[in-house]
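Colleague: Have a look; sequence and predicted model below, questions after that.
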Amino acid sequence: MTSKPVLWITRRISDASIERAKKSYDCIINYEDRLYSADEIIEMSSRVDAILPCHSEVFRGDTVEKLHPRVKIIANHSVGVDHCDIPALKARGIAVTNTPDVLSDATAELAFLLMLGAARRAVEGDRMVRKGEWDFWSPAFMVGKQVSGSRIGIIGMGRVGQAMARNARGFGMEVHYHNRSRLSDDKEMGAVFHEDLDSLLGVSDFLSLHCPATPETTDLMNAERIAMMPDGAVLVNSARGALVDEDALIVALESGKLSAAGLDCFVSEPGGNPKFSKLDNVFMLPHIGSATVTTRDAMGFRALDNLDAFFSGNEPKDLL
Ligand code: DGY
């Protein structure tokens with residue numbers, strides 16, 4: 001009997017995924033769910049044939065070069081791969097996969113929650129009622145920004161961006177987008193393409209970010225670009241913290257240039273940016289875009305599909 005490949009599952013993925021993984025792999029599972037340092041990742045690599053990490057495990061170039069040659073594949077449990085130095089991994093002959101598609105709906109629904117919560121002042125309202133401080137009502141009380149029928153700009157019209165556009169249509173929003181290339185008619189579904197990002201910003205009463213974090217998109221939403229948005233606009237980020245210059249966003253939220261922001265991602269995670277906590281017009285969540293039972297199972301299964309293909313000598317569907 002040939003032995004099973006040894007698979008290191010770096011975090012506590014779903015029970016159904018663990019159960020399935022155990023059938024095909026000798027699994028080392030981080031049941032205590034602690035974060036491993038780069039040195040520990042390097043040390044662990046001599047014991048395993050494959051790693052199934054999340055976006056929390058960082059494979060920078062200097063880590064990758066010290067990985068043990070035994071490691072053949074990194075099957076990410078995430079769609080975003082900005083935590084991996086892909087060219088360095090490829091140069092080492094290590095296959096890298098991700099989990100696209102399966103988390104698009106969950107992430108877009110959370111982006112919508114962020115947008116609604118930010119626009120309709122969910123932070124202030126919830127706190128007021130919860131603390132027993134709700135002692136007043138008037139037509140002028142807690143007036144927010146209406147989402148239904150407004151214009152939304154989407155940066156990055158991949159799978160999550162398209163799911164966000166579907167949600168927005170359900171609210172009668174006029175959808176505009178900027179993407180590397182224009183979508184086909186059946187995918188565009190009447191959305192207005194802006195080849196030029198600045199042109200999109202000018203019409204985005206609500207702006208939702210759905211592009212990957214790369215060196216080109218780091219600080220994409222800086223002071224200059226925020227200034228191009230309509231006064232009182234709302235910025236939503238459920239993609240990656242690196243896309244936003246947080247200091248510039250804080251200035252815009254304090255001045256009222258932006259009326260609110262909904263954020264699930266931060267430059268520094270876990271933890272976020274404590275400066276946002278002082279602002280009532282920021283609705284924040286702790287990077288939980290894909291955190292539903294259905295989607296966690298689907299992500300685990302997709303990562304395992306990629307591993308199964310690799311170890312049976314086929315090309316994984318999500319090979320990067
Ligand atoms: C992703 O898949 O990229 C999500 O942000 C969770 O890691």
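Modeller: Structure received.
Colleague: residues contacting S238?
Modeller: 107-108, 110-111, 114, 160, 208-210, 262, 264-265, 289 (Cβ atoms under 8 Å, 6 or more residues apart in numbering). Where you see a C-beta, it was placed from the backbone N, CA and C, and this is true even at glycine.
Colleague: Sorry, wrong one. I was asking about K187.
Modeller: 157, 162 are the contacts of K187 under Cβ under 8 Å, 6+ apart.
Colleague: follow-up on the earlier one: now the contacts of S238 as JSON lines including neighbour count?
Modeller: Below are those laid out as JSON lines (neighbours: other Cβ atoms under 10 Å):
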{"residue": "T107", "neighbour count": "25"}
{"residue": "A108", "neighbour count": "25"}
{"residue": "L110", "neighbour count": "24"}
{"residue": "A111", "neighbour count": "27"}
{"residue": "L114", "neighbour count": "27"}
{"residue": "V160", "neighbour count": "29"}
{"residue": "S208", "neighbour count": "29"}
{"residue": "L209", "neighbour count": "26"}
{"residue": "H210", "neighbour count": "27"}
{"residue": "G262", "neighbour count": "28"}
{"residue": "D264", "neighbour count": "26"}
{"residue": "C265", "neighbour count": "22"}
{"residue": "G289", "neighbour count": "24"}
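Colleague: Could you say which helix or strand holds K22?
Modeller: Per DSSP states H and E: K22 is located in helix 15-24.
Colleague: List the buried residues of the helix or strand just after that helix.
Modeller: Following helix 15-24 in sequence order, the next helix or strand is strand 26-29 (DSSP H and E). By neighbour count on 16 or more other Cβ atoms under 10 Å, the buried set for strand 26-29 is 27, 29.
Colleague: now stretch 62-69
Modeller: Those would be 63-64, 67, for stretch 62-69 by 16+ other Cβ under 10 Å.
Colleague: Please enumerate residues in contact with that stretch?
Modeller: By Cβ under 8 Å, 6+ apart, stretch 62-69 touches 38, 41-42, 45-46, 59, 85, 88-89, 92, 94.
Colleague: gap between the spatially closest residue to L35 that is not a sequence neighbour and P139?
Modeller: In space, and not counting its chain neighbours, L35 is closest to S56: 5.9 Å by Cβ to Cβ, 6 or more residues apart in numbering. Distance, S56 to P139, using Cβ to Cβ, to the nearest Å: 46 Å.
Colleague: higher neighbour count, the two?
Modeller: Shown here are S56 and P139; by other Cβ atoms under 10 Å, S56 has more neighbours (16 against 5).
Colleague: And that one, how far from F206?
Modeller: From S56 to F206 the distance is 29 Å (Cβ to Cβ).
Colleague: mind listing what's buried in the helix holding K22?
Modeller: Buried, per 16+ other Cβ under 10 Å, within helix 15-24: 17-18, 20-21.
Colleague: of all those residues, which comes closest to V244?
Modeller: S17 (31.3 Å; Cβ to Cβ).
Colleague: Would you confirm that that closest one contacts V293?
Modeller: No. Here S17 lies out of contact with V293, judged by Cβ atoms under 8 Å, at a distance of 11.3 Å.
Colleague: any idea of the mean pLDDT for stretch 23-31?
Modeller: For stretch 23-31, the mean per-residue pLDDT is 98.
Colleague: Dump the C-alpha coordinates for it into CSV.
Modeller: Written as CSV, here are the backbone C-alpha positions of stretch 23-31 (Å, rounded to 0.1, in the frame of the first residue of the first chain):
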residue,chain,number,x,y,z
LYS,A,23,-9.6,10.3,3.8
SER,A,24,-6.9,11.1,1.2
TYR,A,25,-4.1,12.6,3.2
ASP,A,26,-2.1,12.1,6.4
CYS,A,27,-3.2,15.4,7.9
ILE,A,28,-1.4,17.6,10.4
ILE,A,29,-4.1,20.0,11.6
ASN,A,30,-3.7,23.1,13.6
TYR,A,31,-6.7,22.4,15.9
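Colleague: Just the closest of the buried residues of stretch 62-69 to F276, please.
Modeller: Nearest member of the buried residues of stretch 62-69 to F276, counting by Cβ to Cβ, is T63, at 29.8 Å.
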